[in-house]
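> fold the stuff below for me.
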Amino acid sequence: MPHRFGCGRTWESTVHTISRFPILAAALATALAGVAAPASAATPPLVDVRVVRHFDPAAGQRPENLTTEAGGAVDLTMSFAHRIDRLAPDGRQTVLATLPAPPDGTHAPLTGRAFVGGIVRLPDGTLYVLYSAGTDDLTGLWRIPPGGSPSRVAAMPATAVPNGLALHQGFLYASDSALGALWRIPLAGRTAAVWKRAPELAAAPGHFGANGLKVHGNAVWITNMDRGTLLSIPIGCHGAPGPVHTVATGLGTVDDFAFTGDADDVLVADNQGDRVELVRSDGSHTVALTAADGLRNPTSVTRRGDTVYVADAAYFTGTDPNLLAARIPRRP
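Residues are numbered from 1 along each chain as shown. Here you go, the predicted structure:
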């Protein structure tokens, strides 16, 4: 995928220009040879794995997505309970907000029932979450101010399943697992618009397509759960989307993911496979965590410093939804 230095200028075009000047080209080649990463530079497996919290599925505690706070707390969306919980560093768990339930008998797409997905936290404590409720009056982006009540700030159609969520330069980007699309919503506005629709984001009928979403390196990165792929889409001039680039394949029922902080290396959650895999920038991938580490259908991965958190919803195992933590060992 071309790496943009600015509007209309790519790494490839820059190299072409430099190559016209032999002395500069030779200097560039020498510099690149000096900084080339050795094979051992890839992020090592996760260590010091522990269960932070066991949740009660009978009480609707199935964590779908999560974000961290500066003080060490973790905020989690509890999918079918359509609520947001906070887990404090001392282990106290409180309910921050509960979204209104749709009328009895409402059938939400893909899940069959109301489902709260991605979450983003602003520095001032404001939370944004995505809600698939199966109704036009509830589905969309919701805002939860610190200590306040939730309110919907951008509508999406009842046929949508908004899932992954990320903030970048004043816009929220959301994946749509049902419609095979990505939405973009101004943080200060109230209108959600389809930003990108492509076959690579779609799925077979009744399956989840575009799922986990992050913004990294001025590109939107997305997983497709049905296809087992990790994708990226450059954010071009004036915010326009570029072409879809396939980063990795063969990732199973891939859900959410997080960057490790080592270049483009990513930790992805394979939901039904009970695995977290490390995906490197060349598309290769290796297993980092398994059910033996406590995984129970992992849905979400996030990183704060060297600590990685994994939310396990136990959608298919039916037992022990939990929150895991592990550490990324850093090279000397």
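
> show me what contacts I84?
Shown in contact with I84 (C-beta atoms under 8 Å, 6 or more residues apart in numbering): 75-78, 95-98, 116, 119, 127, 129, 144. To be clear about C-beta, it is placed using only N, CA and C from the backbone, and glycine gets the same treatment.

> tell me the pLDDT of A291.
For A291, the pLDDT comes out at 97.

> quick one: low-confidence ranges for the stretch 101-250 of the chain?
Judged against pLDDT under 70, the stretch 101-250 of the chain has no low-scoring part.

> any chance you could map the helices in it?
Counting by DSSP state H, counting those that start in this stretch, the stretch 101-250 of the chain yields no residue ranges for helices.

> which residues touch the host helix or strand of T77?
T77 belongs to strand 74-78 when assigned by DSSP states H and E. Outside strand 74-78, the residues that touch it by C-beta under 8 Å, 6+ apart are 52, 60-69, 83-87, 96, 116-119, 121, 127, 129, 309, 311, 323.

> which of those residues count as buried?
Listed as buried from those are 52, 60-68, 83-87, 96, 116-119, 121, 127, 129, 309, 311, 323; burial here means 16 or more other C-beta atoms under 10 Å.

> in strands, which of these appear?
Residues of the buried ones among the contacts of strand 74-78 located in strands (DSSP state E): 52, 63-68, 83-87, 96, 116-119, 121, 127, 129, 309, 311, 323.

> make sure V129 is actually in contact with L165.
Yes - V129 sits in contact with L165 when judged by C-beta atoms under 8 Å, with a separation of 7.4 Å.

> which neighbours do those two have in common?
Residues within reach of V129 and of L165 at once, by C-beta under 8 Å, 6+ apart, are 117-120, 141.

> so which of these is the closest to S232?
G118 (17.7 Å; C-beta to C-beta).

> show me the contacts for the closest one.
Contacts of G118 were listed using C-beta under 8 Å, 6+ apart, and they are 65, 77, 129-130, 162-166, 174-175, 213.

> can you add distance to G112 and give these back as CSV?
Shown next, in CSV, are those (distance: C-beta to C-beta, whole Å):
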residue, distance to G112
N65, 19
T77, 18
V129, 20
L130, 17
P162, 16
N163, 15
G164, 20
L165, 22
A166, 26
A174, 21
S175, 19
L213, 23
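
> which ChimeraX command selects the buried ones in the residues you listed?
Of those, the buried ones can be selected in ChimeraX as follows, counting by 16+ other C-beta under 10 Å:
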select :65,77,129,130,162,163,164,165,166,174,175,213
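
> now for H207, how many residues are close by?
Residues within reach of H207, counting by other C-beta atoms under 10 Å, total 15.

> pLDDT value on P45, please?
With respect to pLDDT, P45 has a value of 77.

> surely it and E277 touch.
No - at 10.4 Å, P45 does not count as touching E277 under the criterion of C-beta under 8 Å.

> quick one: which of those two has more around it?
Regarding P45 and E277, a neighbour count based on other C-beta under 10 Å identifies E277 as having more, with 24 against 14.

> check the secondary structure at that one for me.
strand (DSSP: H, G, I helix; E, B strand; the rest coil).

> distance of the nearest residue to D226 once chain neighbours are set aside relative to P123?
What sits nearest to D226 in space, not counting adjacent residues and going by C-beta to C-beta, 6 or more residues apart in numbering, is A203, at 3.5 Å. Between A203 and P123 the computed distance is 35 Å (C-beta to C-beta, to the nearest Å).

> out of the two, which sits in the busier spot?
When A203 and P123 are compared for neighbours, A203 comes out ahead with 19 against 6, by other C-beta under 10 Å.

> list the contacts of A291.
A291 neighbours (C-beta under 8 Å, 6+ apart): 274-275.

> tell me the phi and psi of it?
The phi/psi pair for A291 (degrees, to the nearest 10) reads phi -60, psi -30.

> so who does the nearest residue to P100 once chain neighbours are set aside touch?
Closest residue in space to P100, ignoring its immediate chain neighbours: L138 at 6.5 Å, by C-beta to C-beta, 6+ apart. Applying C-beta under 8 Å, 6+ apart, one finds that L138 lies in contact with 99-100, 102, 114, 131, 152.

> so which of those residues wins on neighbours?
Highest neighbour count within the contacts of L138, by other C-beta under 10 Å: Y131, with 25 neighbours.

> which residues touch stretch 228-244?
1-2, 4, 7-8, 168, 171, 182, 184, 195-196, 198, 200-201, 215-216, 218-224, 245-254, 257, 266, 268, 279.

> ok now the strand holding T77, how far from the chain's centre?
How far strand 74-78 lies from its chain's middle: 14 Å, per C-alpha atoms, centre = their mean, to the nearest Å.

> restricting to C-alpha, output that strand in PDB.
The C-alpha trace of strand 74-78 is given here as PDB (Å, rounded to 0.1, in the frame of the first residue of the first chain):
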ATOM      1  CA  VAL A  74     -11.500  -0.200  31.700                       C
ATOM      2  CA  ASP A  75     -14.900   0.700  30.100                       C
ATOM      3  CA  LEU A  76     -16.700  -2.200  28.400                       C
ATOM      4  CA  THR A  77     -19.800  -2.500  26.300                       C
ATOM      5  CA  MET A  78     -22.000  -5.400  27.400                       C
END
